[in-house]
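A.B. asks: coords please:
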Amino acid sequence: MMLLAGILSPYTGSAQVSDAPLQPVVAVQTAEYAAMPASNSVQTASMPSATDSVYEAPYTQDTLNYSTLNGVSLSDSRAELLEKKGEPLRKVQTDAGYTEYEYGDVKVGMMGEHIYYVSVPARAGSLTLDGHTLPFNKQAITSELGQPDFTADDGEGYNNDFYAFKVFTNPDTGEIVSADIFDTTTE
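C.D. replies: Numbering: from 1, shown residues only. Below is the predicted model of the structure:
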């Protein structure tokens, strides 16, 4: 009994350690408590309204999936692309067999009805990756997304198991040429 009193007493002066595994604490609010009016001595929290400022967590590599660039998703069909962007300014057949749809702010590589890559030229000044706008500045991109997952002679990039975002650079000057997203599961 004294041992139990010693463990429960806040005045023992020493910490008590137990080898028992920690158990989760579950809070239960009864209907009677929820229905009680708040007294003047108790402060109550309220849910934020639509006009309240809401904190937006910063985006990181972990929160981006690298699937949408300047409003075009790798999962869009040709019909969805045309619905979003309209008819392209130009269609160019690439040496790799893609048909590249060129718009003012983006180029989209199509193979049949499927989008294989989306590319934003550096002259655009900025890009919108998964809804987040980033300047075309290597330091700013690294600051926002963290250290790249891979580096190559022609740039560096970020990936998850399915999609990649790559900032292409001129190997001779290091200047940014474009930023692209592409499916990493297809060749």
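A.B. asks: got the phi/psi numbers for residue 102?
C.D. replies: Backbone geometry at residue 102, expressed as degrees, to the nearest 10, gives phi -100, psi 120.
A.B. asks: Got the confidence number for residue 39?
C.D. replies: Looking at residue 39, its pLDDT is 42.
A.B. asks: Next: residue 7.
C.D. replies: Taking residue 7 on its own, its pLDDT is 49.
A.B. asks: just residue 27 next, same as before
C.D. replies: On the pLDDT scale, residue 27 gets 42.
A.B. asks: Let me see the mean pLDDT of stretch 94-114.
C.D. replies: Stretch 94-114 comes out at a mean pLDDT of 94.
A.B. asks: And for it, what's in contact with it?
C.D. replies: Residues outside stretch 94-114 that contact it (CB atoms under 8 Å, 6 or more residues apart in numbering) are 69-72, 77-79, 81, 85-86, 88-93, 115-121, 124. C-beta here means a position set from N, CA and C on the backbone, and glycine is covered the same way.
A.B. asks: Ends of it, what's the gap?
C.D. replies: End-to-end span of stretch 94-114 (CA to CA, to the nearest Å): 15 Å.
A.B. asks: So, low pLDDT: which residues of the chain?
C.D. replies: 1-63, 186-187 (pLDDT under 70).
A.B. asks: what's in contact with stretch 151-168?
C.D. replies: For stretch 151-168, contacts defined as CB under 8 Å, 6+ apart pick out 61, 64-67, 69, 74, 129, 138, 141, 145-146, 148-150, 169, 171, 176-185.
A.B. asks: quick one, phi/psi of residue 142?
C.D. replies: phi -60, psi -40.
A.B. asks: Out of the contacts of stretch 94-114, list just those in strands.
C.D. replies: Assigned to strands by DSSP state E, the following of the contacts of stretch 94-114 qualify: 69, 72, 90-93, 115-121.
A.B. asks: hmm, which two among those residues are most spread apart?
C.D. replies: Distance extremes for the ones in strands among the contacts of stretch 94-114: the farthest pair is 69 and 93 at 21.7 Å, using CB to CB.
A.B. asks: Of the two, which one has the most company?
C.D. replies: Of the pair residue 69 and residue 93, residue 69 is the one with more neighbours under other CB atoms under 10 Å, namely 24 against 9.
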